[in-house]
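1. what follows is a predicted structure for the sequence shown.
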2 protein chains.
Amino acid sequence: MRKPSGSAALTRPMARLLGAVLACALASAPACSPGNGSAASRYRDAADRIRDMGLRDEGAIEFLRRITAAGPRLTGSAEAAAAVEIGRRLMLEMGLDRVHLELVTVNRWTRGPKEEARIVGSASLGTVPLAVCALGGSIATPDGGLTAPVVEVGSFEELDRLGPAVSGRIVFFNRPMDRTRLDAFAAYGGAADQRVRGASEAARHGAVAALVRSLTFRVDDHPHTGLMTYAEGVARIPAAAVSTAGADLLSSLLKKEGAVSVHLKMGPRDEGPVPSANVVGEITGTDLPGEIILLGGHLDSWDLGTGAHDDGAGCAVSLEALRLIKALGLRPRRTVRAVLFMDEEFGGTGGRFYARAAERTGERHLAAMESDRGGFLPLGLAGGSDARAARRLGRWLDLVRPLGIDSLGPGGGGVDVGPIVRQGAVPLSVIPDAQAYFDVHHSALDVLSAVGPRELEFQAVILATYAYVLAQEGI
Amino acid sequence: MRKPSGSAALTRPMARLLGAVLACALASAPACSPGNGSAASRYRDAADRIRDMGLRDEGAIEFLRRITAAGPRLTGSAEAAAAVEIGRRLMLEMGLDRVHLELVTVNRWTRGPKEEARIVGSASLGTVPLAVCALGGSIATPDGGLTAPVVEVGSFEELDRLGPAVSGRIVFFNRPMDRTRLDAFAAYGGAADQRVRGASEAARHGAVAALVRSLTFRVDDHPHTGLMTYAEGVARIPAAAVSTAGADLLSSLLKKEGAVSVHLKMGPRDEGPVPSANVVGEITGTDLPGEIILLGGHLDSWDLGTGAHDDGAGCAVSLEALRLIKALGLRPRRTVRAVLFMDEEFGGTGGRFYARAAERTGERHLAAMESDRGGFLPLGLAGGSDARAARRLGRWLDLVRPLGIDSLGPGGGGVDVGPIVRQGAVPLSVIPDAQAYFDVHHSALDVLSAVGPRELEFQAVILATYAYVLAQEGI
């Protein structure tokens, strides 16, 4: 750029251009501001070594294989207990420091025998089986099941308008995840109220059960479970998810025939509190061992698949990040800790226990890096609670840019690290491609073979790089 | 920004900052330069409608279902002929203009009976089967197969150093795709020489066959085929791909036992030229029908899977892009044309025939948008032959930004549109995530269920948006 020679050097168009240019520069400060390169460049060699070893070894998928080998890890189940022991053993095998379990008292809910459901009394089709599953937390139907006419609604408002007309009936919540929403999590959030609150909303008007369209973009025969809750002071009625193909069939029959009944039989049980554990291991910091960079995922899963994406992946990448740091002989100044949390799916018990455990005395958590968005290709990072915090974290973005990571916006966090973030830890998360996440989420499709070893490793490499740099530099 | 008040207004640090800022602005010109928003904003409504309809309908996966229903579409096969008819019918069903076939004379190579291979005479394991497949274009082994000691090499240089020592032996090319390369296509390119040229390089030193490690990051039992060629004046020897798991086993035995032989039997045949066709259909431009915006993929595939990603996906998204433009009643000023090319896999015969066909007389191809990188999530665009051309195409980037597309670098093109690009068409391609592409590429794993309907539709929406805008605006 030539040096301007007078006071009018910046003509109006030029000033306008510079205004636009500066706006751009501010919007993407980590990429543009001079000087950032030099801070990150001190860690270039470490980042390259982490990346090369990670991509060559693909260790994350091996951790995931070991974790999913425990089977479906429903909170409070024998399989979840086995996974706790597997997690502990994995940490010991890789030589982590201070590997231990921290008690978490969880609630045990069991699905009982395979659910049964069928459309009955269709004039055109007679009896047709439906693929359903009890929602997590639901009560059972009466022993022989229940049969009732079905009323379809798209929203709680529509339900309220129908009011007493749903009394004695099964309310069928059939609002799909909106495919035109580009953020899959937003599409999920826009339909999840039906699953979480549908039963109580229907029960207020005297319904006998709730049947909820599965939360997925796909149309297939796999029901997707997930947590539901009962409102205080409202009668409790059974709640099940129906596959999207089943929901489409049921809806089309209701349109064509007006009245259709469904028979539903399921036997889940609430079995009360049982002891379980978070699994904790770390590379203790050489200089500031009480300052913690936390990485974690949740070890429990739903029981239809083996929770490979949700959230075996988060546990696996956390473990792999520590393995990479350790195997490369990097010696973090602050403590880098992995926590495999118990019971995210029923509300985050493990995260709450962790934050208030006696072991936290004297510890200060600087960063909390939760991974619970599936093991897909990382597209960006989210961290800090505001743009300023995100910019601070963005100082290191150059180190992960070779992996396709160009942005770090405000956000991060999750159910497990929520309590520790409220105590002051800065959240930071890898944001993976989520377009296929809900295809498998909470269903029988969420198994090891659905996870790409390389995509998973990209996540681990990014976590290891950030964890190491933050352990050296603080935030 | 305040207006500088004197000649020294731009202090040295300030000038340096502006320098950095301008460098950033130039690097990401489409995002920053003022005025771009306004050009693109004229098409905001059309882009929104294309996106909403595309994501709601997910029509691309239906096209892919119809195409892959023809089966494996090896050039010159009955299945490829069936796919030509399916493609023609799909174009007619959606009411395209001027739907027709254009003759392409292709060479027919057939695999023959399922290949057999086994390790023989291992001291520790005895006889062990190997998963292999003939490479495309290979000759057969003698009728009863051949058995010879194996020599492993990692490169042609290593082969040349061994020289006559490989005479009478099977040369086993075992250099893996380098997982530490972040660009999967670059990792593929860094290993593909073994598959393409290995046989002749080995034959120069008297080898009797070539066995090539499959080109994939994964270690599994699926051999991956692909084109090989024979050098002029060198003896032709059979060439096969071995699965990566088989390659690892063979390599470990060679290390442990020193000498291991392999028995290989395969019966591919070159059956000479047969007639085939490109499938062509269009939305004829209202004002400038002779100016063409071309979209295309290749209809032929390898024969182990059903070529869903490679390249049924490219055909499907091209068809879906035209469907979206037509279904929304958008009337392009220039012609938007879809071409399903024949015989990309054996060297691009269809693309060459298309470019020199009599039908091209009086036509001018402005843009050529080839899709042949798998049906995965789009991460960016590549187009034009240099930065200036890329910037021109980047004027419309705002329209696809909601789909996560933030960049358009120089590049694009491909085997099929190469000849028409050399005649002046500007190449433009969607660049999808390729990290998992080679997991399935040219193998039995490349089937419909490996393609995500939503990811595929993202591609179609981007193509439709760009095709429509370029048809209105030119380049």
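-> Right, received. Where do you want to start? Numbers count the residues shown, from 1 in each chain, chains lettered A, B, ... in the order given.

2. A:Phe172 against A:Gly154, yeah?
-> No. Applying C-beta atoms under 8 Å as the test, A:Phe172 and A:Gly154 come out as separate, 10.0 Å apart. To be clear about C-beta, it is placed using only N, CA and C from the backbone, and glycine gets the same treatment.

3. for B:Leu445, see how far away the residue in the stretch 251-400 of chain A positioned nearest to chain B is.
-> Taking C-beta to the nearest C-beta as the measure, the stretch 251-400 of chain A has A:Leu377 as its residue closest to chain B, at 5.4 Å. Counting by C-beta to C-beta, to the nearest Å, the gap between A:Leu377 and B:Leu445 amounts to 18 Å.

4. of those two, who's got more company?
-> When A:Leu377 and B:Leu445 are compared for neighbours, A:Leu377 comes out ahead with 23 against 19, by other C-beta atoms under 10 Å in any protein chain shown.

5. pLDDT at that one, what is it?
-> Each residue has a pLDDT score; the one for A:Leu377 is 98.

6. what's in contact with stretch A:82-100?
-> Residues external to stretch A:82-100 that are found in contact with it (C-beta atoms under 8 Å, 6 or more residues apart in numbering or on different chains): A:63, A:66-67, A:69-71, A:73, A:101, A:276-277, A:279-284, A:299-300, A:315, A:319, A:322-323, A:326, A:338, A:340, A:342.

7. which parts of it are buried?
-> Counting neighbours by 16 or more other C-beta atoms under 10 Å in any protein chain shown, one finds that the buried residues in stretch A:82-100 are A:83-84, A:86-88, A:90-91, A:94, A:96, A:99.

8. the residues you listed in helices, which ones?
-> By the criterion of DSSP state H, membership of the buried residues of stretch A:82-100 in helices covers A:83-84, A:86-88, A:90-91.

9. what would the buried residues of stretch A:82-100 look like in a markdown table with distance to A:Gly163?
-> Rendered in a markdown table, the data for the buried residues of stretch A:82-100 read as follows (distance: C-beta to C-beta, whole Å):
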| residue | distance to A:Gly163 |
| --- | --- |
| A:Ala83 | 46 |
| A:Val84 | 47 |
| A:Ile86 | 51 |
| A:Gly87 | 49 |
| A:Arg88 | 53 |
| A:Leu90 | 54 |
| A:Met91 | 55 |
| A:Met94 | 59 |
| A:Leu96 | 58 |
| A:Val99 | 57 |
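
10. show me how far stretch A:358-372 is from its chain's centre.
-> In terms of C-alpha atoms, centre = their mean, to the nearest Å, the gap separating the centre of stretch A:358-372 from the centre of its chain is 19 Å.

11. and that stretch, what's buried?
-> Under 16+ other C-beta under 10 Å, the buried positions of stretch A:358-372 are A:363, A:365-372.

12. ok, stretch A:227-247 next?
-> Along stretch A:227-247, the positions that meet the burial threshold by neighbour count (16+ other C-beta under 10 Å) are A:227-230, A:237-247.

13. close to chain B, is it?
-> No. Applying C-beta under 8 Å from any C-beta of the partner chain, one finds that stretch A:227-247 is not in contact with chain B, the shortest distance being 12.6 Å.

14. more crowded one of A:Phe172 and A:Gly154?
-> Neighbour totals were compared for A:Phe172 and A:Gly154, and A:Phe172 leads with 26 against 13 (other C-beta under 10 Å).

15. wait, what's in contact with A:Ala184?
-> Contact partners of A:Ala184, counting by C-beta under 8 Å, 6+ apart, are A:177, A:217, A:434-435, A:437-438.

16. now the nearest residue to it once chain neighbours are set aside: phi and psi?
-> Closest residue to A:Ala184 apart from its sequence neighbours, by C-beta to C-beta, 6 or more residues apart in numbering or on different chains: A:Ala434 at 4.3 Å. Taking degrees, to the nearest 10, you get phi -120, psi 10 for the backbone angles of A:Ala434.

17. what of the one 3 residues further on?
-> Backbone torsions of A:Tyr437, given as degrees, to the nearest 10, read phi -60, psi -50.

18. isn't it right up against A:Leu377?
-> No. Here A:Tyr437 lies out of contact with A:Leu377, judged by C-beta under 8 Å, at a distance of 11.4 Å.

19. so where do the helices sit in the stretch 101-250 of chain A?
-> Defined through DSSP state H, counting those that start in this stretch, the helices belonging to the stretch 101-250 of chain A, from first to last, are A:156-162, A:184-189, A:192-203, A:244-257.

20. which one of those helices is the most hemmed in?
-> When you average the neighbours per residue for each of the helices of the stretch 101-250 of chain A (mean count of other C-beta atoms under 10 Å in any protein chain shown), helix A:192-203 leads with a mean of 23.

21. which helix or strand contains the residue at minimal distance from the centre of chain A?
-> Of all residues in chain A, the one closest to the mean position by C-alpha atoms, centre = their mean is A:Asp372, 3.3 Å from it. Under the criterion DSSP states H and E, no helix or strand holds A:Asp372.

22. residues in contact with it?
-> A:297-298, A:310-311, A:314, A:344, A:414-416.

23. alongside chain B, which residues does the stretch 201-350 of chain A contribute?
-> Where the stretch 201-350 of chain A comes near chain B, counting by C-beta under 8 Å from any C-beta, the residues are A:217-218.

24. can you rerun that using 6 Å?
-> Taking C-beta under 6 Å from any C-beta of the partner chain as the measure of proximity, the stretch 201-350 of chain A contacts chain B at A:Phe217.

25. of all of the stretch 201-350 of chain A, which residue lies closest to chain B?
-> Here the residue of the stretch 201-350 of chain A nearest chain B is A:Phe217; by C-beta to the nearest C-beta that distance is 5.8 Å.

26. what about that residue, neighbour count?
-> As a burial measure, the neighbour count of A:Phe217 was computed by other C-beta under 10 Å and equals 23.

27. show me the strands in the stretch 1-150 of chain A, by range?
-> If DSSP state E, counting those that start in this stretch is used as the criterion, the strands of the stretch 1-150 of chain A fall at A:97-110, A:116-122, A:126-129, A:132-134, A:146-153.

28. TSV for those strands, including mean pLDDT?
-> Supplementary listing: the strands of the stretch 1-150 of chain A in TSV, determined by pLDDT from 0 to 100:
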stretch	mean pLDDT
strand A:97-110	98
strand A:116-122	95
strand A:126-129	96
strand A:132-134	98
strand A:146-153	98
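
29. and of these, who's closest to A:Ala425?
-> Distances from A:Ala425 to each of the strands of the stretch 1-150 of chain A were compared using C-beta to C-beta; the shortest belongs to strand A:97-110, at 16.8 Å.
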